[in-house]
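>>> Predicted coordinates and the sequence they were generated for:
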Amino acid sequence: QVQLQESGPGLVKPSQTLSLTCTLSGGSVTTDDSYWSWIRQPPGKGLEFIGYIAFSGRTYYNPTLESRTSIARGTSKNQFRLQLSSVTPEDTAVYYCARMTGNSGWLFTNWGQGTQVTVSS
């Protein structure tokens, strides 16, 4: 059973780039039918899907965030990264990485515990 863990700075200044890494234990980003995703939850709001990088390397981004988002594999096969540029206080949220599968309908099967990111000067 794959486990996921988010890491990165908890505080980012406005206009800077937010960078987070998700590290897998017991799995690889090339595992078939795996869509390695980032999701966030702003305070007092619901979950928002940011995007994914598929086991094939293909990426998909939420259209509302696409112009500022980049998701890529890490330097090893057990990591993937999120970069969100030009952040504002509205990007303050708990950020989660997760594994999504698609062969039996889209389903989130594994989640990280989440990491708080605050955008503030």
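It's in.
>>> Helix or strand next in line after the helix or strand where residue 50 lies, which one?
Element membership for residue 50, per DSSP states H and E: strand 48-54. The helix or strand immediately downstream of strand 48-54 is strand 59-61, counting by DSSP H and E.
>>> Okay, now the sheet partners of that next one, with direction.
Strands that pair with strand 59-61, judged by DSSP bridges, come out as strand 48-54 (antiparallel).
>>> So what touches the partner strand?
Here strand 48-54 makes contact (C-beta atoms under 8 Å, 6 or more residues apart in numbering) with 29, 34-42, 59-62, 65-66, 69, 71-73, 80, 82, 84, 93, 100. Glycine gets a C-beta too; all of them are placed from N, C-alpha and C.
>>> So which of these sit within helices?
Among the contacts of strand 48-54, no member falls in helices (criterion: DSSP state H).
>>> Which ones among those lie within strands?
Residues of the contacts of strand 48-54 located in strands (DSSP state E): 35-41, 59-61, 69, 71-73, 80, 82, 84, 93, 100.
>>> Can you flag the buried ones in these?
35-40, 59, 61, 69, 71, 80, 82, 84, 93, 100 (16 or more other C-beta atoms under 10 Å).
>>> looking at the chain, which helix or strand is least sure?
strand 107-111 (a mean of 95; mean pLDDT, DSSP states H and E).
>>> partners of that strand in the sheet?
Strand 107-111 has these strand partners (DSSP bridges): strand 93-101 (antiparallel).
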